[in-house]
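1. Any chance you could fold what I've pasted below:
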Amino acid sequence: QVQLVESGGGLVQAGGSLRLSCAASGRTFSSFAMGWFRQAPGKERDLVATISWSGGNTYYVDSVKGRFTISRDNAKNTVYLQMNSLKPEDTAVYYCAAKATRRDYYYTVQYDYDYWGQGTQVTVSS
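-> Numbers count the residues shown, from 1 in each chain. The predicted structure follows:
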């Protein structure tokens, strides 16, 4: 089992920045690809960014490219999402997820992920 706990959400004005963290415990963190997803009110949960277990491969959805950066520190069992130039449309609950894998690659489909955190709210005011 893996437990994931997100932190770092909050209220920020448009154009501001936040850094989300996701701390993992329970199994070897470096054997997991990690992803950040978000769900806005009334919408489905969608991928934001994903990173391979080494950190060498990343993927971003178009709407966040150039603004968000996913990274990980395997020594700290933590994955991060640095969010800059935030927009009101970024408002959502953000979830981190872990996918057990031997491939050093990322995963873009939420149903591939094995473990999920409880989410952290990000609200961007205009």
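
2. Need the pLDDT of the residue nearest to the spatial centre of the chain.
-> The centre of the chain sits closest to Trp36, judged by Cα atoms, centre = their mean, with a distance of 2.2 Å. At Trp36, the model reports a pLDDT of 98.

3. ok, now which ones touch it?
-> 20, 22, 47-50, 70, 79, 81, 94-97 (Cβ atoms under 8 Å, 6 or more residues apart in numbering). C-beta here means a position set from N, CA and C on the backbone, and glycine is covered the same way.

4. Which secondary structure element is home to it?
-> strand 32-39 (DSSP states H and E).

5. That strand pairs with which strands, and in what direction?
-> strand 45-51 (antiparallel), strand 92-100 (antiparallel) (DSSP bridges).

6. Who does the next helix or strand after the longest one pair with, and is each partner parallel or antiparallel?
-> Next helix or strand after strand 92-100 toward the C-terminus (DSSP H and E): strand 115-116. Each strand pairing with strand 115-116, determined using DSSP bridges, is listed with its direction: strand 92-100 (antiparallel).

7. Give the buried residues for the partner strand.
-> Ala92, Val93, Tyr94, Tyr95, Cys96, Ala97, Ala98, Lys99 (16 or more other Cβ atoms under 10 Å).

8. Also stretch 28-44?
-> Result for stretch 28-44 [16+ other Cβ under 10 Å]: buried residues Phe29, Phe32, Ala33, Met34, Gly35, Trp36, Phe37, Arg38.

9. go on, stretch 44-60?
-> For stretch 44-60, by 16+ other Cβ under 10 Å, it's Arg45, Leu47, Val48, Ala49, Thr50, Ile51, Ser52, Trp53, Gly55, Tyr59, Tyr60.
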